[in-house]
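Peer 1: turn this into a structure:
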Amino acid sequence: MTKLNGKSFHINAIYIETVESHPDTIITLTNGKKFIVAETEEEIIQSMIQFYRAINILGLNNDKGGALDEE
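Peer 2: Numbers count the residues shown, from 1 in each chain. Purely as a prediction, here's the structure:
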């Protein structure tokens, strides 16, 4: 992720509770902490899907797509 000041950081996708856009993108973690980031909501969702595939948490480790790609 990228903070609005341009600094990069990482978030463990497992702890993301919500991603909202109004108009800035706000990520809320399960502990209530919030981050405002430069990425769009769609970019974050795609990053989460890639992460879940990488650790095989949803059994989506192929490149053929799936239901999550269409959300």
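
Peer 1: mind checking how far stretch 43-56 is from the chain centre?
Peer 2: A distance of 7 Å separates the centroid of the chain from that of stretch 43-56, by C-alpha atoms, centre = their mean, to the nearest Å.

Peer 1: buried sites along that stretch?
Peer 2: 44-45, 48-49, 52-53 (16 or more other C-beta atoms under 10 Å). Glycine gets a C-beta too; all of them are placed from N, C-alpha and C.

Peer 1: most centrally placed residue in the protein?
Peer 2: Ile44 (3.4 Å; C-alpha atoms, centre = their mean).

Peer 1: tell me who's in contact with the closest residue to that residue other than its chain neighbours.
Peer 2: Once flanking residues are discounted, Ile44 sits nearest to Val19: 5.0 Å by C-beta to C-beta, 6 or more residues apart in numbering. Listed by C-beta atoms under 8 Å, 6 or more residues apart in numbering, the contact set of Val19 reads 25-28, 41, 44-45.

Peer 1: do you know the pLDDT at Val19?
Peer 2: Per-residue pLDDT puts Val19 at 97.

Peer 1: that one and Ile11: what is the separation?
Peer 2: Using C-beta to C-beta, to the nearest Å, Val19 is found at 10 Å from Ile11.
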